[in-house]
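Colleague: Sequence and predicted structure are below.
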Amino acid sequence: MGIHVKFFASMRDLMGDDRDIESEIIKEKALNTVDDIWNYCAEGKERSANVLIAVNMDYVNGQSQIKEGDEVAFFPPVTGG
Amino acid sequence: MKIIIDSSPFDPWRILDEYQKNMPKLDGQYGATAVFVGTMRDFNEGDNVSEMFLEHYPGMTERHLENICQQATGEYQLLESLVVHRVGVIKPNDPIVLVAVWTAHRKQAFEACREIMEDLKSKAPFWKKEQLNGGKDRWVDKNTKGY
């Protein structure tokens, strides 16, 4: 199943397109939390303190545990309305 | 309760009229309707803005708007609520957002409309990218404070 990672708005400019992380990579790299996912995808890029995170469309923080099949999204502060 | 996210321009007053006419449960029950319409300006932070692109997170946006309206329904005894939000390319003077609530009394209507709008601004995953006169573009990095 793996994990699907999405980036929106200015985060997509920084991080590139959405990506899928395969099960084997998740196990091999011991990707257990949102912070682990970020570090794996970011390749050294800093994550600004105001970046928002959602797992399966609910807001979470970086220490949140992730599991196979999750959708993890990183995005800047929202500016609708 | 209804949430509409659409890339087509909309007329908030026509939508309101149609929505209310097709809501028989409101007949004789509502004493107050509060409405907020947000419209695109042609300026921001000292620059002229020629158009805007509004991105959203499909699925999460709808879910959070529903949550916001559900919460307000319980807190303010809403009889009905309606939220319409544009996405995609938007031009100055286009309506961006409509929030409408129907209640028995004005206090709940005013407060609920305000709260839904402020929660939308701070929680619903939408992002604006402005196109400036002269060709540059930029992401809007924060909303102005509503209180």
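Modeller: Okay, I see it.

Colleague: neighbours of the residue of chain B found nearest chain A, just the number please.
Modeller: Closest approach between chain B and chain A, counting by C-beta to the nearest C-beta: B:Phe126, at 2.8 Å. C-beta: built from backbone N, CA, C; applies to glycine. B:Phe126: 26 surrounding residues under other C-beta atoms under 10 Å in any protein chain shown.

Colleague: is it true that it touches A:Val78?
Modeller: Yes: the criterion here is C-beta atoms under 8 Å, and B:Phe126 meets it with A:Val78 at 5.8 Å.

Colleague: distance of B:Val89 from A:Ile66?
Modeller: For B:Val89, the distance to A:Ile66 equals 34 Å [C-beta to C-beta, to the nearest Å].

Colleague: So between those two, which is more surrounded?
Modeller: Neighbours were counted for B:Val89 and for A:Ile66 using other C-beta under 10 Å; A:Ile66 has more, 22 against 14.

Colleague: Pull up the residues of chain B that are close to chain A.
Modeller: By C-beta under 8 Å from any C-beta of the partner chain, the residues of chain B that approach chain A are B:38, B:54-57, B:59-60, B:63, B:85, B:96-97, B:117, B:120-129, B:139-143.

Colleague: among those residues, which are in helices?
Modeller: B:Met60, B:Arg63, B:Met117, B:Leu120, B:Lys121, B:Ser122, B:Lys123 (DSSP state H).

Colleague: Now the fifth one. Nearest residue, chain neighbours left out?
Modeller: Meaning B:Lys121. A:Gly81 (4.5 Å; C-beta to C-beta, 6 or more residues apart in numbering or on different chains).

Colleague: For the one you found, what is the enclosing helix or strand?
Modeller: Using DSSP states H and E, A:Gly81 falls within no helix or strand.

Colleague: How much space separates it from B:Leu120?
Modeller: Distance, A:Gly81 to B:Leu120, by C-beta to C-beta: 5 Å.

Colleague: Next: A:Pro77.
Modeller: According to C-beta to C-beta, A:Pro77 stands 13 Å off from B:Leu120.

Colleague: likewise A:Val5?
Modeller: 26 Å.

Colleague: And these two? Which one has more around it.
Modeller: Neighbours around A:Val5 and B:Leu120, counted as other C-beta under 10 Å, are more numerous at B:Leu120. The numbers are 25 against 22.

Colleague: per-residue pLDDT, the more buried one?
Modeller: Predicted confidence (pLDDT) at B:Leu120: the value is 98.

Colleague: quick one: it and B:Leu65 touch, right?
Modeller: Yes: at 6.6 Å, B:Leu120 counts as touching B:Leu65 under the criterion of C-beta under 8 Å.

Colleague: show me the contacts for the closest residue to B:Phe53 other than its chain neighbours.
Modeller: Ranked by C-beta to C-beta, 6+ apart and with sequence neighbours excluded, the top spatial neighbour of B:Phe53 is B:Lys129, at 4.5 Å. Listed by C-beta atoms under 8 Å, 6 or more residues apart in numbering or on different chains, the contact partners of B:Lys129 are A:Ala9, B:Met52, B:Phe53, B:Leu54, B:Glu55, B:Asp137, B:Arg138, B:Trp139, B:Val140.

Colleague: if we can go back for a sec, anything in contact with each of A:Gly81 and B:Leu120?
Modeller: Joint contacts of A:Gly81 and B:Leu120 (C-beta under 8 Å, 6+ apart) are B:His85, B:Val97.

Colleague: Can you tell me the centre-most residue of chain B?
Modeller: Closest to where the C-alpha atoms of chain B average out (C-alpha atoms, centre = their mean) is B:Val97, at 3.1 Å.
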